[in-house]
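Q: Here is a sequence together with a model predicted from it:
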Amino acid sequence: MASRYEPSDGISELAELLRSGPRGTAGPLPRQRPPVDPARRRRRRRFALIATLIVTVVVVALLGSYAGFTLNAPVGRADSTLHPPAVPTPAAAEIALPPQGEAAVSVAGADAYLGAGASGVWQAHGDAAVPIASISKLITALVILKAKPLASAADPGPRITFSKADHALYDKYYVQNATIAPMPTGSILSEHDALETMLVVSACNYAEALADWAYGSEGAFLAATRAWLAAHGMTHTRMVEPTGIDAANTSTPADLIALGRLAMADPAIASIVGKTQLDVPADDLRGMPGTNDLLGSHGVDGIKTGTLDPSGSDLLYSASLDVGTPTPLRVIGVELGGATRSQVDGDVEALLDGIAAGFHHVPLGHEGDVVGTYSTPWGSSARMVLAASPTMLVWSNTKITASMTTTTLTTGRNGERVGTVTWKAGPNTATAPVVLKGAIRPPTAWWRLTHPFELGR
């Protein structure tokens, strides 16, 4: 009989141990990691290093591109806020023609200011033909010069010997209470000096004597006068004798304005009517005072007075007014039928002063006035200021307009010109440069780096 215990080869016991685990436990033995290949480990480390380097390079490149863009990208323009200078309103001129009688005024050299036609009849009060008294002598003088012209203001012209008949004219006008001057029989004066005596002193006897001398008779003189008036368009003027003592010598303000222009265009007449007293060689005439009390004041340099009862006092006047225009203004005016000589003179003075004062240099701004500001997103700012104190010659209350232009800036230095202000009124234009007060500095690098979305705007 076989033995109860059979010998074992140990394989069965090993299998049992693997199934049950270590003694006292159940289950298989834990799994053991296989040993790591050193070469493989080195490969892994190299890959990780390369990946890290690539990421670092990409990040650095991106940061460099960002910095390069933000530090070099153009910045936007500065915002501008404009405060154009206030436009002044000039004072209105005070121009008043006399309320009584007939009057008119012409201003040559100011049509651009006063309006087209100012050099004709600019303003008038009344247009009736009324007696012109001794203003008639101005027509007489111009008609005489047509027959006996003088070559220049200094030309004495022919010498005139006054006869006994001429001397008798002194008495003729004396009894009529007219203005006269000595004219002894046989006395001799040049044509220029005789005309001076007629116009400055307003001597009626000289007016008739010269008219007869130039034309041979009063009738011939009057015929020549009518032709002369028609030739110069003075169709509302009537002359019946050479002195003005007859109230039938009449004219209108418009015709007399034309007469004044003709008179002042004649060198001999213009030089004579500006004299305040006679400047002739005859002892009994030299120094006799003229009748125009306004000569030498308010710019008055002519022309002729007239007085005739009961029509009143008259004055045809000329004046040169320096008001700042390229050339002085030439004023020709007339007032007929004034109550007294002093009243007429006062009217004319007020009118001339009003015209002169109506032209005024108006301050438009002052150097340093702020007319705007520049500001930037990065906080830099500067003011725009006028670099001059402009003025403009303006007539009366002519409207002044202003416009302003400025340049586009990103940066700017103190004192840099950045624009212009232009004013206009009537025919005149004035300008003033606009400059920076302060500087507009570029943004800092930090601002650029931290404000990428505000670049280039």
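A: Yep, it's here. Numbering: from 1, shown residues only.

Q: just how off-centre is stretch 215-229 within its chain?
A: Computed by C-alpha atoms, centre = their mean, to the nearest Å, the chain-centroid distance of stretch 215-229 equals 49 Å.

Q: Pull out the buried residues from it.
A: 215, 221-222, 224-225, 228-229 (16 or more other C-beta atoms under 10 Å). To be clear about C-beta, it is placed using only N, CA and C from the backbone, and glycine gets the same treatment.

Q: Can you check the distance spanned by stretch 239-249, start to finish?
A: 5 Å (C-alpha to C-alpha, to the nearest Å).

Q: brain fart, stretch 89-106
A: 26 Å.

Q: And the average pLDDT for that stretch is what?
A: Stretch 89-106 carries an average pLDDT of 92.

Q: again, but for stretch 186-199
A: The model assigns stretch 186-199 a mean pLDDT of 98.

Q: Stretch 434-444 too?
A: Averaged over stretch 434-444, pLDDT sits at 92.

Q: Same question for stretch 143-157.
A: 97.

Q: Return the alpha-carbon coordinates of it using PDB.
A: Only the C-alpha atoms of stretch 143-157 are listed here, as PDB (Å, rounded to 0.1, in the frame of the first residue of the first chain):
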ATOM      1  CA  VAL A 143     -15.300 181.400 -66.400                       C
ATOM      2  CA  ILE A 144     -12.600 184.200 -66.500                       C
ATOM      3  CA  LEU A 145      -9.900 181.500 -66.400                       C
ATOM      4  CA  LYS A 146     -11.400 179.800 -69.400                       C
ATOM      5  CA  ALA A 147     -10.800 182.900 -71.400                       C
ATOM      6  CA  LYS A 148      -7.600 183.900 -69.600                       C
ATOM      7  CA  PRO A 149      -6.000 180.800 -68.200                       C
ATOM      8  CA  LEU A 150      -3.100 180.700 -65.800                       C
ATOM      9  CA  ALA A 151      -0.400 178.100 -66.500                       C
ATOM     10  CA  SER A 152       0.100 177.300 -62.800                       C
ATOM     11  CA  ALA A 153      -0.700 178.400 -59.300                       C
ATOM     12  CA  ALA A 154       2.400 180.600 -59.400                       C
ATOM     13  CA  ASP A 155       1.700 182.100 -62.800                       C
ATOM     14  CA  PRO A 156       0.800 185.800 -62.300                       C
ATOM     15  CA  GLY A 157      -0.800 186.000 -65.700                       C
END
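
Q: so which of the buried residues of stretch 215-229 comes closest to Asp347?
A: Leu229 (27.0 Å; C-beta to C-beta).

Q: now the closest one: how far from Ala270?
A: 20 Å (C-beta to C-beta, to the nearest Å).

Q: quick one, helices of the stretch 1-150 of the chain?
A: 11-20, 38-72, 111-114, 136-147 (DSSP state H, counting those that start in this stretch).

Q: Confidence-wise, which of the ones you listed is weakest overall?
A: Taking the mean pLDDT of these, helix 11-20 comes last: a mean of 55.

Q: Give me the three-state assignment for Phe221.
A: Under the three-state scheme (DSSP: H, G, I helix; E, B strand; the rest coil), Phe221 adopts helix.

Q: count of neighbours near Val334?
A: 31 (other C-beta atoms under 10 Å).

Q: That one belongs to a helix?
A: No. Checked against three-state DSSP, Val334 lies outside a helix; its state is strand.

Q: all strands of the stretch 101-250 of the chain, in order?
A: Taking DSSP state E, counting those that start in this stretch, the strands of the stretch 101-250 of the chain run over residues 102-108, 123-125, 130-131, 159-161, 188-190, 250-251.

Q: now the stretch 351-457 of the chain
A: Along the stretch 351-457 of the chain, the segments classed as strands by DSSP E, counting those that start in this stretch run 359-363, 370-375, 381-386, 391-395, 401-406, 417-425, 428-437.

Q: Sheet partners, orientation included, of the first one?
A: Same thing as strand 359-363. Strand pairing for strand 359-363, determined by DSSP bridges: strand 391-395 (antiparallel).

Q: Ser320: what's it in contact with?
A: Applying C-beta atoms under 8 Å, 6 or more residues apart in numbering to Ser320 gives the contacts 299, 301, 328-331.

Q: So what pairs up with it in the strands?
A: Arg330.

Q: For Trp395, see how far away it is.
A: 17 Å.

Q: Check Ile257 too.
A: Separation of Ile257 from Trp395 (C-beta to C-beta) stands at 20 Å.

Q: Next: Gln176.
A: 46 Å.

Q: For the two, work out which one has more neighbours and name it.
A: Trp395 (22 against 12).

Q: circling back: closest one to Phe359 among the strands of the stretch 101-250 of the chain?
A: Ranked by C-beta to C-beta, the member of the strands of the stretch 101-250 of the chain that lies closest to Phe359 is strand 102-108, at 10.3 Å.

Q: Run me through the strand neighbours of the closest one, direction for each.
A: When DSSP bridges is applied, strand 102-108 pairs with strand 123-125 (antiparallel), strand 329-338 (antiparallel).

Q: Put together TSV for those, with distance to Leu114 and mean pLDDT on each row.
A: Shown next, in TSV, are the strands paired with strand 102-108 (distance: least, C-beta to C-beta, whole Å; pLDDT from 0 to 100):
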stretch	distance to Leu114	mean pLDDT
strand 123-125	9	94
strand 329-338	9	97
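
Q: which of the ones you listed is buried the deepest?
A: Greatest average neighbour count among these goes to strand 329-338 (a mean of 26), per mean count of other C-beta atoms under 10 Å.

Q: Appreciated, that's everything.
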